[in-house]
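Engineer: Sequence unavailable; structure follows:
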């Protein structure tokens, strides 16, 4: 596949600072095309959506264009794309709407592998409804989350299972398709946190079997906001709290207040940028095909560079790698013997390497691994990561480990 990392890097102004960014799991750097789309939209003359004035029509076109772009990225119906302030807000909103149908005796399943934004909203909603929460752990040695462990927590009273498509600290990619089959056998819904998967692999929500799939554009080169997708028919079932005069149509009934049109334009630009990461590998007019080709090329590139990082870390005796899942995103969680995470982060930052240390809101995973609330150092790759970035990180860690 035709992935040229130097060509990709040239579109990121931030990379000209000479910093090696390994904090992509917390938010990627932004290409100039996205910044230009945001600025152009903000200065174009725009108002609330409508069909009378040019400004109204422009807002409508931006909104519908962003829904179409997300649909191409995730393989879903554009009429089922809901935009929110963040993936966390999306999950809270959906949990509150669904919990209106729950009561005592109902059950919700969450996992200790997940980011807290796909745990706490469900736990709190279940508590308010009087429903029971069932917790599922993961293999502390490998970081794997097994299908059978989820299946063992299911019953005829299960209403929803919340699971990550990829752990934002360990990179673990559970078999979501198999999990969906098990969940649906019991008539329950599956809510998938796809925030950490969408930047690294092709996504097909229907193929995954996810009833809901949430992600965040700022994790794949876009602006700071969130979104969640579902089949329009499923959205029709839910009655969120909303203002009386606001639209009751789907998906608008779930979008509280006026949408940030400039951010939606930036999201479309980010998805178009992703579709061009492997030029020539798919027909020019078919954005979905180009996205699949590009994300396949990204997986190949990131996989090669990630092996370089893993091999280097494994060669340093003082390093402990937390989890070793077979199928993962290019993300590693590690500790250096005798050094706190803050010491490692600070030393690397002085060398122009951004690799932060924390639990990164995957606090249940950190505790489950015995790391408490301190967590560890996380190094996550992005499509713009190259061999030089990896070598600089390894050199810095090796200095500390001596």
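Structural biologist: Done, it's in. Nothing here was measured: the structure is a model prediction, and the numbers come from that model.

Engineer: which ones are touching the residue nearest to residue 314 when sequence neighbours are not counted?
Structural biologist: For residue 314, ignoring the flanking residues on the chain, the nearest one in space by CB to CB, 6 or more residues apart in numbering is residue 321 at 7.0 Å. The C-beta positions use only the backbone N, C-alpha and C, and glycine is treated the same way. Under the criterion of CB atoms under 8 Å, 6 or more residues apart in numbering, the contact list for residue 321 reads 310, 313, 314, 332, 333, 334.

Engineer: which residues does residue 321 form a beta bridge with?
Structural biologist: Listed by DSSP bridges, the beta-bridge partners for residue 321 are residue 334.

Engineer: State the distance from residue 66 to residue 261.
Structural biologist: Counting by CB to CB, to the nearest Å, the separation of residue 66 from residue 261 is 9 Å.

Engineer: More neighbours: those two, which one.
Structural biologist: Each of residue 66 and residue 261 has its neighbours counted (other CB atoms under 10 Å); residue 66 has more, 26 against 23.

Engineer: show me the contacts for the more buried one.
Structural biologist: Taking CB under 8 Å, 6+ apart as the contact definition, residue 66 lies against 81, 83, 264, 265, 267, 268.

Engineer: What helix or strand is it located in?
Structural biologist: According to DSSP states H and E, residue 66 maps onto helix 54-74.

Engineer: pLDDT score assigned to the residue nearest to residue 314?
Structural biologist: We have a pLDDT of 98 for residue 321.

Engineer: what about it, distance to residue 328?
Structural biologist: Per CB to CB, residue 321 is found 11 Å from residue 328.

Engineer: Where does pLDDT dip in this protein?
Structural biologist: With pLDDT under 70 as the threshold, the chain has low-confidence stretches at 1.

Engineer: Output the contacting helices and strands for the lengthiest helix in it.
Structural biologist: Here the longest helix in the chain is taken by residue count, with DSSP state H as the criterion, and it is helix 287-314. Taking 3 or more CB pairs under 8 Å, 6 or more residues apart in numbering; DSSP states H and E as the contact definition, the neighbouring helices and strands of helix 287-314 are helix 54-74, helix 261-275, strand 319-321, strand 331-336, helix 387-401.

Engineer: Could you give the separation of the shortest one from the chain centroid?
Structural biologist: Between the mean C-alpha location of strand 319-321 and the chain-wide mean there is a distance of 25 Å, by CA atoms, centre = their mean, to the nearest Å.

Engineer: what residue is smack in the middle of the chain?
Structural biologist: The residue at the geometric middle of the chain, judged as the C-alpha nearest the mean C-alpha position with CA atoms, centre = their mean, is residue 195 (1.0 Å).

Engineer: In contact with it, which residues?
Structural biologist: If you count contacts by CB under 8 Å, 6+ apart, then residue 195 has 87, 115, 168, 214, 215, 216, 219 around it.

Engineer: if we can go back for a sec, quick check: which of the helices and strands packed on helix 287-314 is nearest to residue 138?
Structural biologist: Using CB to CB as the measure, strand 331-336 is the one of the helices and strands packed on helix 287-314 that comes nearest residue 138, at 12.9 Å.

Engineer: Figure out how far that closest one is from the centre of its chain.
Structural biologist: Its chain's C-alpha centre and that of strand 331-336 lie 19 Å apart, by CA atoms, centre = their mean.

Engineer: Give the next helix or strand downstream of that strand.
Structural biologist: Using DSSP H and E, the helix or strand that follows strand 331-336 towards the C-terminus is helix 341-350.

Engineer: How far off centre is that next one?
Structural biologist: Taking the mean C-alpha point of helix 341-350 and that of its whole chain, the gap between them comes to 25 Å (CA atoms, centre = their mean).

Engineer: What's the first helix or strand after that helix?
Structural biologist: Later in the chain than helix 341-350, the nearest helix or strand by DSSP H and E is strand 353-354.

Engineer: helices or strands up against that following strand?
Structural biologist: In terms of contacts (3+ CB pairs under 8 Å, 6+ apart), strand 353-354 is packed against strand 20-21, helix 387-401.

Engineer: Tell me which other helices or strands the first one touches.
Structural biologist: Spelled out, it's strand 20-21. By contact count (3+ CB pairs under 8 Å, 6+ apart), the secondary structure elements abutting strand 20-21 are strand 353-354, helix 387-401.

Engineer: Select, out of those, the one closest to residue 100.
Structural biologist: For residue 100, the closest of those is strand 353-354, at 42.4 Å, according to CB to CB.

Engineer: For residue 383, which non-adjacent residue is spatially closest?
Structural biologist: Nearest residue to residue 383, sequence neighbours excluded (CB to CB, 6+ apart): residue 298, at 4.9 Å.

Engineer: Just to check, the one you found is in contact with residue 198?
Structural biologist: No: assessed by CB atoms under 8 Å, residue 298 is found out of contact with residue 198, at 11.0 Å.

Engineer: about what we covered before: now the helix holding residue 66 against helix 261-275, angle please.
Structural biologist: 40 degrees (axes from the mean of the first three to the mean of the last three CA atoms, to 10 degrees).

Engineer: quick one: the residue at the greatest distance from the centre of the chain from residue 365, how far?
Structural biologist: In terms of distance from the mean C-alpha position of the chain, residue 52 ranks first, at 37.0 Å (CA atoms, centre = their mean). Counting by CB to CB, the gap between residue 52 and residue 365 amounts to 51 Å.

Engineer: Contact partners for residue 250?
Structural biologist: Taking CB under 8 Å, 6+ apart, we find residue 250 in contact with 79, 80, 232, 235, 236.

Engineer: Which of these fall in helices?
Structural biologist: 232, 235, 236.

Engineer: among these, which ones are buried?
Structural biologist: 232, 235 (16 or more other CB atoms under 10 Å).

Engineer: Out of the ones in helices among the contacts of residue 250, which is nearest to residue 188?
Structural biologist: When those are compared for distance to residue 188, the smallest value, 17.6 Å, is given by residue 235; criterion: CB to CB.
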